[in-house]
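Asker: what follows is a predicted protein model with its sequence.
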Amino acid sequence: NMLNGTIPSALDDLTNLELLQLDDNYFTGTIPKELSNLAKLERLFLYRNELTGTLPMDLGNLTNLEILLLFDNELNGTIPTELGDLINLEQIYIASNNFSGTIPAELGNLTNLEDLDLVENKLTGTIPTQLAQLVKLEDL
């Protein structure tokens, strides 16, 4: 599609939403923290847009989230440790952004995680030993 503008924060009114699929568009601006109010959300697809800013810490409230696809944007800042609270996550694709800092050790809490794609960012430091607890992890 060729949708553009910012992602409306009013989407948090869609309280039964399980899938938010806005990928492959031209959305700009930040990811609204209000999306963290979507308690039933299982899949968040915002990849291949022009999103900027940091990843809202409040996304750690999306405890039903299974798939988080944010790759190919211009997101920056550090990866929030709160992502480690998303115990149902199976896939995290946040490659091709501008994330910096270290890989949070809290990601080792994601025991259902199968795919973790962090390539093409500006991450530094070591790989946390806690990631060795991710026995279901197939792709790193």
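Answerer: Done, it's in.
Asker: all strands of this structure, in order?
Answerer: Counting by DSSP state E, the segments of the chain that form strands are 4-6, 19-21, 26-29, 43-45, 50-54, 67-69, 74-77, 91-93, 98-101, 115-117, 122-123.
Asker: direction included, what does the shortest one pair up with?
Answerer: This points to strand 122-123. strand 98-101 (parallel) (DSSP bridges).
Asker: buried sites along the strand it pairs with?
Answerer: Buried residues in strand 98-101, counted by 16 or more other C-beta atoms under 10 Å: Phe99. C-beta: built from backbone N, CA, C; applies to glycine.
Asker: equivalent analysis for stretch 35-45, please.
Answerer: For stretch 35-45, burial by neighbour count (16+ other C-beta under 10 Å) applies to 35-38, 41-45.
Asker: identify the farthest-apart pair in those residues.
Answerer: Farthest-apart pair in those is Asn37 and Phe45; separation 17.9 Å (C-beta to C-beta).
Asker: between the two ends of stretch 85-103, how far is it?
Answerer: Taking C-alpha to C-alpha, to the nearest Å, stretch 85-103 runs 15 Å from one end to the other.
Asker: outside of stretch 117-135, which residues touch it?
Answerer: With C-beta atoms under 8 Å, 6 or more residues apart in numbering as the test, stretch 117-135 has contacts from 71, 79, 92-111, 113, 116, 137, 139-140.
Asker: one more time with 10 Å
Answerer: Stretch 117-135 has contacts (C-beta atoms under 10 Å, 6 or more residues apart in numbering) with 69, 71-72, 75-76, 78-79, 84, 91-114, 116, 137, 139-140.
Asker: what's the burial count for the residue nearest to Asn4 when sequence neighbours are not counted?
Answerer: Spatially, and ignoring its direct neighbours in sequence, Asn4 is nearest to Tyr26 (4.1 Å; C-beta to C-beta, 6 or more residues apart in numbering). Per other C-beta atoms under 10 Å, the neighbour tally for Tyr26 reads 12.
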